[in-house]
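Undergrad: Below is the structure, and that's it, no one-letter string:
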């Protein structure tokens, strides 16, 4: 059976449904990886990576969970490696 956007759920087997869901998740992950830059800067960068507010980004930075991904350029400037930060805390 050809599965497309017009296929009714009632016409699909459970295996076909799982396959369609897995394909959709894989597509989204691939497009999300393309869209992210290699490094981001400051709290604004953390806000972009985790799609959160400024206060939550500050809390993440203070928690120490992503310290391995953070490089301090000076006392007030930081650079965050996006891939490493997402691997350290993927579910934030």
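TA: Here it is on my side, so go on. Quick caveat: nothing in here was measured; it's all calculated off a predicted structure. Numbering: from 1, shown residues only.

Undergrad: How far does the helix or strand hosting residue 25 sit from its chain's centre?
TA: Element membership for residue 25, per DSSP states H and E: helix 14-35. Relative to its chain's centre, helix 14-35 lies at 14 Å (Cα atoms, centre = their mean, to the nearest Å).

Undergrad: next one: stretch 53-64
TA: Worked out by Cα atoms, centre = their mean, stretch 53-64 lies 16 Å from the chain centre.

Undergrad: again with stretch 41-61
TA: Counting by Cα atoms, centre = their mean, stretch 41-61 comes out at 13 Å from the chain centroid.

Undergrad: Not counting its own residues, what contacts that stretch?
TA: Contacts to stretch 41-61, defined as Cβ atoms under 8 Å, 6 or more residues apart in numbering, come from residues 36, 39-40, 66, 70, 77-80, 82, 85-86, 89, 92. Backbone N, C-alpha and C define where each C-beta goes, glycine included.

Undergrad: For ChimeraX, what selects the buried ones among the residues you listed?
TA: Filtering the contacts of stretch 41-61 down to the buried ones (16 or more other Cβ atoms under 10 Å) takes a single ChimeraX command:
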select :40,66,70,78,80,82,85,86,92
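
Undergrad: Now intersect the contacts of stretch 41-61 with the strands, please.
TA: Taking DSSP state E as the definition of strands, the contacts of stretch 41-61 contribute 39, 40, 70, 78, 79, 80.

Undergrad: Out of those residues, the closest to residue 27 would be?
TA: residue 40 (23.7 Å; Cβ to Cβ).
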